[in-house]
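Enquirer: Provided below for reference: sequence and predicted model.
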Amino acid sequence: MICKLTNTHFQVILTVINDAATAYKGKIPADRWKEPYMSSQELKEEIQSGVQFYGYLENNVLIAVMGIQPVDDVTLIRHAYTLTSHQRKGAGEKLLSHLIGLARTDRILVGTWESASGAIKFYEKRWFMLLSREETNRVLKKYWRIPERQVETSIVLEHKRRLQ
């Protein structure tokens, strides 16, 4: 079941993110890795900046989270994570489809680590196209608030759709 998450889910959102992010350890640049991967303060700031989280529940347990954030003329998909014990079972795909349906723009962007080949393949299988390095740098600086080092080590994929 997919549901809109609220402040009452804050701690479990953080738990899912930090559990799933362990997949990045040793794969992303060492200077970008930290434990916990996302702190409570960082999650609060993301929510305050307009990221609305949705979750996938299985047997009343939150197993996946994904955020959506409208920014100017695009919709960003943010912080897509599934518990390691539940990955590759369809929860992420269902959440992504749900959020694409909620988007109010025809251009949907998602950023991830350049070295996160599994995440890149996940989005490419769902009709997202990898942007050029030049376009990636431009959109990361325009729509995200991230450090320059993260811009250098990230990529952006784009999904275009026609609004009805």
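Expert: Perfect, I can see it now.

Enquirer: Contact partners for V156?
Expert: The contact partners of V156, taken as Cβ atoms under 8 Å, 6 or more residues apart in numbering, are 109-111, 130-131, 135-136, 139-140. (Each C-beta comes from the backbone N, C-alpha and C, glycine too.)

Enquirer: Which pLDDT value belongs to it?
Expert: Model confidence at V156, given as pLDDT, is 98.

Enquirer: part of a helix, is it?
Expert: No. Counting by DSSP: H, G, I helix; E, B strand; the rest coil, V156 is not part of a helix but strand.

Enquirer: Beta-bridge partners for it, please?
Expert: G111 (DSSP bridges).

Enquirer: Does anything pack onto the top strand by length along the chain? Which helices or strands?
Expert: Longest strand of the chain, by residue count under DSSP state E: strand 61-71. On a contact count with 3 or more Cβ pairs under 8 Å, 6 or more residues apart in numbering; DSSP states H and E, strand 61-71 meets helix 10-20, strand 52-58, strand 74-82, helix 91-102.

Enquirer: I146 is nearest to which of those?
Expert: For I146, the closest of the helices and strands packed on strand 61-71 is strand 74-82, at 11.0 Å, according to Cβ to Cβ.

Enquirer: any idea of the angle that closest one forms with helix 91-102?
Expert: 160 degrees (axes from the mean of the first three to the mean of the last three Cα atoms, to 10 degrees).
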